[in-house]
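following is a predicted model, sequence given first.
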Amino acid sequence: MLSTKKFIRKFGGILLINHLYQYLGLAKRAHYLFVGEELISKASKNKISLIIIAEDASTRFVSELQQNLHNNPRIIKYKTKRELGSLIEREEVNAIGISNCNMAKAIYDTIQKGDANE
């Protein structure tokens, strides 16, 4: 039998990815999740609390997004477009925006916990 600390070291990353997947799924169903042009539109209206950008996102998309940011949402870089897209059941995604501040905080905290464990 594994101790709690060994279990978390061995399976903690899987559990955190599962939590992230669940939070993003809930945000998607609640219409708090935005991608693409809709994300840029919401960002220009100060409606986005968290932005998760793929590390290999296109520079054109990132510069267009930065031009439309008027408030200061939290911005996190996350792996690749393919891995980011798989979290919301799409093929590839440059960035994901979350509009609800409580959901954004939960997702941000989950990603930060994952970074601390790696």
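Arrived safely. Numbers count the residues shown, from 1 in each chain.

for the spatially most central residue of the chain, grab phi and psi.
Among the residues of the chain, the one closest to the centroid is Ile52, at 4.0 Å (C-alpha atoms, centre = their mean). Note on Ile52: its backbone torsions stand at phi -110, psi 120 [degrees, to the nearest 10].

same question for Glu91.
According to degrees, to the nearest 10, Glu91 has phi -70, psi -60.

wait, it touches Arg82, no?
Yes. Counting by C-beta atoms under 8 Å, Arg82 is a contact partner of Glu91 at 7.2 Å. Backbone N, C-alpha and C define where each C-beta goes, glycine included.

so between these two, which is more surrounded?
The neighbour count for Glu91 versus Arg82, taken as other C-beta atoms under 10 Å, is higher for Arg82 (13 against 8).

this protein: helices as residue ranges?
4-29, 36-44, 59-67, 81-87, 101-117 (DSSP state H).

which elements pack onto the last one?
The helices and strands touching helix 101-117, judged by 3 or more C-beta pairs under 8 Å, 6 or more residues apart in numbering; DSSP states H and E, are helix 4-29, strand 50-54, strand 74-78.

can you check the second one too?
Other helices and strands packing on helix 36-44, by 3+ C-beta pairs under 8 Å, 6+ apart, are helix 59-67, strand 95-98.
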